[in-house]
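Chemist: Take a look and give me a structure for this.
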Amino acid sequence: PEPEIIEKEVTREVMVEVTREVEKEVEVQIEVEVTREVEKEVIVEVAPEPVAEIPFAELWVSSGHADVEAEAFAHWDEDDPPVVPTSCAKCHSEGGYLDFLGVDGTEAGVVDTEAAIGTVVSCIACHNEATVVMDSVVFPSGVEVTGLGDEARCMQCHQGRASNASVAGAIEAAGVGDDETSEDLRFINIHYYAAAATKYGGEVMGGYQYEGKVYDAMFAHPDGFDTCNECHDPHTLELRFEECSTCHAGIDAETVKDVRMEGSLVDFDGDGDLEEGIYYEIVGLQDALYAAMQAYASEVLEAPIVYDAHAYPYFFADADGNGQVDEGEGGFAAWSPRLLKAAYNYQVVAKDPGGYAHGGKYLIQLLYDSIEDLNADLVAGLRRIDHGHFAGSEEAFRHWDEEGEVPASCAKCHSADGLPLFLQEG
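Modeler: The predicted structure is shown next:
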């Protein structure tokens, strides 16, 4: 018979070993023996931090205001203790000026604390929250000049430290006659570079002004050239000769002393030269005053006197009468009121080397009056005031001083601005 076919599903299990790779990080500690050390220099480049650029710094460092070794800033370096005293700190240290301004939180107008040595007139001294709004200056005479701009920062120091009031007060306290000497009288020094006192002349009374005399007021240059910082670079302190040449053709450091206005037709010092610069007219009067002082001291006080511009106290007793300061000759002490006035004015002129430009007419008047007071015969041939329209101290221009301004009805002919305004406005 045929075999029977039977279909049957058979299931069976088969075990199979499967191997697969799995990535896994495993920490394995291996001890390694180091047999040598190798030194290697690694250079790491680090980007520099941005540095703020100080405007005008290169100009400033070339100026006298930045010279820490100058006598103006180094005078107290060897003192014990080495500090700048409060009486000097205002103008001879950064901290003192900031103290005076009140920037340090103290009272403004006074210096409360001695200042550290080693500082100068730095950027912050002139550029701070007090100076940007400062618009007035009080002079040693007590007179306050208002309505100022940036020049007020300069004028706080360049005003001197004495005035007409200082000399008059000392003479009154001594209580002696004009030609009597007194141990209570001492030479009074205006100090150095009192340019603002010269510029504002009779208004601020920086010089000794003789009773009954009228003195030139502020010496005004044209607009744009009438303040400290308009004529001097405020950072280098140098004169801006290129701008001066607009009116004074060809002017430079060599010829600036030759400047003389075309209308100045008076020989102030009596030497016959009407073309020399005002600087030389002042020098001639200085020489005349010094000679008058020496003659007065020798003949009236019987105490010869000699001057040394570079040695304190400047006036010395000329014991041997040779006209120079010798070793062992001390400071002059035989002061009379008349000689003190003259010596003070002599120093006012001597210590402002730019006085011929700051206010030459005022200085000429101080010198002339001092000579006249010592010996009236000596002013024969000298001149005190300029010619006509340039005689700024005369009644035609000074009649309204007490009122403070020239009225409109008079201004056309009696003021500098009146005629130009009349021509412009009709």
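Chemist: going forward, measure contacts and count neighbours with C-alpha atoms only.
Modeler: OK.
Chemist: what stretches of this protein score poorly on pLDDT?
Modeler: Of all residues in the chain, those with pLDDT under 70 make up the ranges 1-40, 49-52.
Chemist: Now do the strands in it.
Modeler: For the chain, strands defined by DSSP state E occupy the ranges 83-84, 115-116, 137-138, 144-145, 305-307, 315-317.
Chemist: for the third one, packing partners?
Modeler: Applying 3 or more Cα pairs under 8 Å, 6 or more residues apart in numbering; DSSP states H and E, we find strand 137-138 packed against strand 144-145.
Chemist: and if you look at the fifth one?
Modeler: The criterion is 3+ Cα pairs under 8 Å, 6+ apart, and the helices and strands that strand 305-307 contacts are helix 278-299, strand 315-317.
Chemist: strands paired with that strand, and their directions?
Modeler: strand 315-317 (antiparallel) (DSSP bridges).
Chemist: outside of the strand it pairs with, which residues touch it?
Modeler: Under the criterion Cα atoms under 8 Å, 6 or more residues apart in numbering, residues 187, 303-308, 325, 329-333 lie in contact with strand 315-317.
Chemist: how about the residues you listed in a markdown table, adding distance to Asp226?
Modeler: As requested, the contacts of strand 315-317 are arranged in a markdown table below (distance: Cα to Cα, whole Å):
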| residue | distance to Asp226 |
| --- | --- |
| Phe187 | 33 |
| Ala303 | 44 |
| Pro304 | 42 |
| Ile305 | 39 |
| Val306 | 37 |
| Tyr307 | 33 |
| Asp308 | 33 |
| Val325 | 40 |
| Glu329 | 44 |
| Gly330 | 42 |
| Gly331 | 39 |
| Phe332 | 39 |
| Ala333 | 41 |
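Chemist: Now which of these would you call buried?
Modeler: Of all the contacts of strand 315-317 considered here, the ones buried according to neighbour count by 16 or more other Cα atoms under 10 Å are Phe187, Ala303, Pro304, Ile305, Val306, Tyr307, Val325, Gly331, Phe332, Ala333.
Chemist: Out of those residues, which is nearest to Cys413?
Modeler: If you rank those by distance to Cys413 using Cα to Cα, Phe187 comes first, at 43.1 Å.
Chemist: Without its sequence neighbours, what residue ends up closest to the closest one?
Modeler: Across the structure, with Cα to Cα, 6 or more residues apart in numbering as the measure, the residue nearest Phe187 apart from its sequence neighbours is Leu340 (6.5 Å).
Chemist: List the contacts of the one you found.
Modeler: For Leu340, counting by Cα under 8 Å, 6+ apart, the contacting residues are Val167, Arg186, Phe187, Ile188.
Chemist: Contact partners for the closest residue to the last one other than its chain neighbours?
Modeler: Nearest residue to Ile188, sequence neighbours excluded (Cα to Cα, 6+ apart): Tyr344, at 6.2 Å. Listed by Cα under 8 Å, 6+ apart, the contact set of Tyr344 reads Val167, Phe187, Ile188, Asn189, Ile190, Gly207, Tyr208.
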